[in-house]
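1. From the sequence below, what's the structure:
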Amino acid sequence: MALVSTYPVYAWLLNSLRQQGLLFCPHFTVITDALTINSLWYRTPSEGWFVTDSDSAAFLHVRGVPHDRVHVSGFPVNLSFADRPADWQPPALTAHSPRKILFMINSGRGSALRIARELLQHRSWRITFTAGRDATLRRELEALANGAPATAEVLGWTDRIPELLMTHHVAISKAGGATTQESINALCPLSVSQIIPGQEEGNYELLHRNNAGALAETPTEIVSTLQRAFAGDAALWQLWRGNLKALSRPSAARDIVIHVLQQCRPDSSVAGGVVSDAHVGDLAC
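-> Down below sits the predicted model:
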């Protein structure tokens with residue numbers, strides 16, 4: 001038996017229980033920040049830490065976390081990214097094919113509508129908007145899309161984000177941890193529209209450092225960035241997508257479970273890589 005957590009406070013609570021003699025099984029920590037990692041994640045003991053990338057591992061090593069306790073696993077995303085259906089791909093970019101853009105709205109309504117208005121002016125673009133549970137915003141987007149040069153689909157709350165990311169050329173969103181990592185594992189370059197100070201700075205820096213996306217915060221900047229990405233034979237988009245392949249680890253959730261089970265039950269069949277999705281449980285964030 002082992003505990004695996006994806007929230008830093010749990011490690012502190014579990015170590016408090018251990019000091020009281022109430023916890024008997026090993027605990028592992030999955031760090032969901034990248035590069036700029038809050039000290040809450042590593043200032044209390046853990047059997048091991050799983051991180052998104054090698055630079056994040058180096059960050060922990062410099063701060064005294066033992067090398068053999070840090071494992072570069074990637075971020076535990078939904079396993080549909082690893083078990084990707086063959087048809088979950090963006091259309092080939094030819095001279096006449098549409099450029100599919102996914103705008104996942106998680107900022108203020110006014111900003112979102114200004115960006116949407118600019119995106120909808122481009123006839124060769126096919127835009128998918130996700131408005132979440134904001135019914136008013138959804139109606140406003142539908143009104144903007146009605147008769148606009150671009151083709152558009154407006155969605156409310158949806159559980160299809162993995163499919164949407166894997167079937168669009170580019171996504172627009174703020175640099176949230178899960179959003180950034182899902183775009184990486186979908187091989188869908190992210191145009192970051194907003195960075196909240198703190199962990200989101202590290203998420204964007206991961207893309208920037210690997211030349212796998214862009215920061216564009218205004219409607220004009222966003223449109224310009226997409227035009228550059230798709231210009232000519234879409235060389236910049238191809239570069240970003242290729243660089244994402246080096247970062248992606250879509251089977252991270254499964255790999256983390258295998259590692260933990262090997263640590264706890266080295267004589268089990270998991271040592272040969274056999275693990276069911278039931279083992280993975282809710283690890284995918």
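
2. Show the residue spans covered by the strands in this structure.
-> Applying DSSP state E to the chain gives strands spanning 3-5, 27-30, 48-51, 70-72, 99-104, 125-130, 151-155, 170-174, 190-194, 213-215.

3. Could you dump those into CSV with distance to G21 added?
-> For the C-beta atoms, the positions are set from N, CA and C on the backbone; glycine is no exception. Below are the strands of the chain laid out as CSV (distance: least, C-beta to C-beta, whole Å):
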stretch, distance to G21
strand 3-5, 16
strand 27-30, 15
strand 48-51, 22
strand 70-72, 28
strand 99-104, 46
strand 125-130, 48
strand 151-155, 51
strand 170-174, 43
strand 190-194, 46
strand 213-215, 48
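
4. will you turn those strands into CSV that also has mean neighbour count?
-> CSV is the format used below for the strands of the chain (neighbours: other C-beta atoms under 10 Å):
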stretch, mean neighbour count
strand 3-5, 18
strand 27-30, 24
strand 48-51, 25
strand 70-72, 18
strand 99-104, 24
strand 125-130, 22
strand 151-155, 18
strand 170-174, 24
strand 190-194, 25
strand 213-215, 22
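
5. need the contact list for the nearest residue to L119 once chain neighbours are set aside.
-> Nearest residue to L119, sequence neighbours excluded (C-beta to C-beta, 6 or more residues apart in numbering): I127, at 5.3 Å. When contacts are counted by C-beta atoms under 8 Å, 6 or more residues apart in numbering, I127 touches I101, L102, F103, A116, L119, L120, A145, A150, T151, A152, E153.

6. ok, the second one - contacts?
-> By C-beta under 8 Å, 6+ apart, the contact list for L102 reads I127, T128, T130, L164, L165, H168, V170, A171, I172, C188.

7. and what of the third one?
-> If a contact means C-beta under 8 Å, 6+ apart, then F103 has A112, I115, A116, L119, I127, T128, F129, T130, A171, I172, S173 as its contacts.
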